[in-house]
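**Student:** sequence first, predicted coordinates after that:
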Amino acid sequence: MVTDPSVNVGAGAVRVALDVSALDAWLTGNVEGYAGPLTAEQFNGGQSNPTYRLTTPGARYVMRRKPPGPLVKGAHDVLREARVISALAATPVPVPAVLGICDDDAVVGSAFYIMSLVEGRIFWDAAFSEVPINQRSAYFDAMNATIAALHSVDPESVGLGDYGRSGNFFERQIARWSRQYLADDAAGRDADMDALVAWLPAHIPGGDESCIVHGDFRCDNMIFHPTEPRVVAVLDWELSTLGNPLSDFAYHALLYRMPPDIVAGLGGADPAPLGLPTEAGYVEAYCRRTGRSGLPDWDFYIAFNLFRLAAIFHGIKGRVIRGTANSEHARQRAQAFPRLAALARQAMNDCVGV
């Protein structure tokens with residue numbers, strides 16, 4: 001059921017057509033120091049926004065664009081990505097440098113931005129099995145430090161005070177995903193999901209924090225230094241917004257609970273023999289870095305994130321049944337839905353001591 005991670009590595013032939021001549025002309029006039037001739041390759045993997053490696057005799061760049069053609073309002077907003085990356089450039093959060101932004105669809109058929117190409121390693125295996133066992137905990141600690149740094153950025157100070165709605169994050173998110181789940185008659189109902197829909201709104205923890213959140217903070221959305229346990233760039237900011245930091249961190253920490261055949265994770269494996277910190281130790285490190293004494297509602301945050309993922313997979317199941325999603329990837333997600341719902345309910349039960 002797992003997709004071979006090797007299919008996501010590197011770049012190859014352009015699959016989403018690109019007018020290289022028009023792009024070359026735009027780069028000449030808009031990116032400092034640019035000099036062609038230009039060649040373009042498209043990165044492999046399943047990015048929803050086509051991403052290209054651009055090469056000239058003297059430099060290499062990355063281009064990220066909206067898909068061409070009609071799009072759902074608000075989807076694939078690469079210019080929003082460019083905004084958050086640019087805003088974070090002066091903070092401790094490692095991001096590529098944004099070198100140019102184009103909102104004119106006439107140039108290549110859709111809006112795009114250009115950023116520096118950051119050299120390094122991307123790990124698709126949450127256990128970091130490519131790294132010597134005595135170094136793996138340092139890589140986990142680098143991820144932990146990076147997400148803590150992100151959550152410590154004051155949105156107003158970097159011009160992102162209006163980057164999303166602040167306040168009532170869990171109420172809004174639970175209501176949104178519950179509505180989507182309950183409205184999809186084709187995918188049917190699930191007893192675990194029904195229990196979560198009823199339980200989650202009544203058990204939202206107190207406090208109403210808001211900060212810049214990544215939304216998809218995983219090891220494969222980071223570039224690590226070529227030889228050191230250090231994050232040199234965080235990628236794929238498509239889901240970023242203003243949100244609750246504990247939700248964002250718990251989503252990241254799902255790697256401890258997630259079966260590796262659904263989404264890259266450790267699947268309940270004992271981390272110690274793998275040279276990795278325990279989940280409790282990882283949470284403690286985040287708390288220390290963000291000035292918290294602990295996370296007493298941790299199981300709620302885990303249950304919420306698993307519920308959210310299950311709701312997404314339930315929606316995919318509905319599209320598979322209706323015939324609007326036919327890929328093998330979609331079918332795998334549909335099949336995984338009940339397992340995710342069961343994991344979410346188990347986290348809910350952990351909250352109430354069942």
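**Tutor:** Great, that's in hand.

**Student:** every contact and neighbour count from this point should use C-alpha atoms.
**Tutor:** Fine.

**Student:** partners of the helix or strand containing residue 64 in the sheet?
**Tutor:** Element membership for residue 64, per DSSP states H and E: strand 60-65. Next to strand 60-65 in the sheet, as set by DSSP bridges, lie strand 51-55 (antiparallel), strand 112-116 (antiparallel).

**Student:** any idea how far the helix or strand hosting residue 194 is from the middle of the chain?
**Tutor:** Residue 194 belongs to helix 191-199 when elements are defined using DSSP H and E. How far helix 191-199 lies from its chain's middle: 25 Å, per C-alpha atoms, centre = their mean, to the nearest Å.

**Student:** how many neighbours does residue 98 have?
**Tutor:** 21 (other C-alpha atoms under 10 Å).

**Student:** for it, which non-adjacent residue is closest in space?
**Tutor:** residue 115 (4.2 Å; C-alpha to C-alpha, 6 or more residues apart in numbering).

**Student:** my read: that neighbour touches residue 59, true?
**Tutor:** No: using C-alpha atoms under 8 Å as the test, residue 115 is too far from residue 59 to be in contact (11.6 Å).

**Student:** what about those two, which has more around it?
**Tutor:** Taking other C-alpha under 10 Å, residue 115 and residue 59 do not tie; residue 115 has more neighbours (21 against 14).

**Student:** so where's this structure shaky on pLDDT?
**Tutor:** 1-10, 12, 45-47, 69-76, 353-354 (pLDDT under 70).

**Student:** next, name the residue at the spatial heart of it.
**Tutor:** residue 216 (1.9 Å; C-alpha atoms, centre = their mean).

**Student:** any idea which element that one lies in?
**Tutor:** Assigned by DSSP H and E, residue 216 falls outside every helix and strand.

**Student:** do the same with the one 10 residues further on
**Tutor:** Counting by DSSP H and E, residue 226 is held by no secondary-structure element, helix or strand.

**Student:** before we move on, back to that, can you spell out which helices and strands pack onto the helix holding residue 194?
**Tutor:** Packing contacts for helix 191-199, counted by 3 or more C-alpha pairs under 8 Å, 6 or more residues apart in numbering; DSSP states H and E, involve helix 328-352.

**Student:** which residues are contacting the helix it packs on?
**Tutor:** 1, 190, 192-193, 195-196, 262, 297, 299-300, 302-307, 309-310, 313-314, 316-317, 320 (C-alpha atoms under 8 Å, 6 or more residues apart in numbering).

**Student:** again, only this time at 6 Å
**Tutor:** Residues outside helix 328-352 that contact it (C-alpha atoms under 6 Å, 6 or more residues apart in numbering) are 192, 193, 299, 303, 306, 307, 310, 313, 314, 316, 317.
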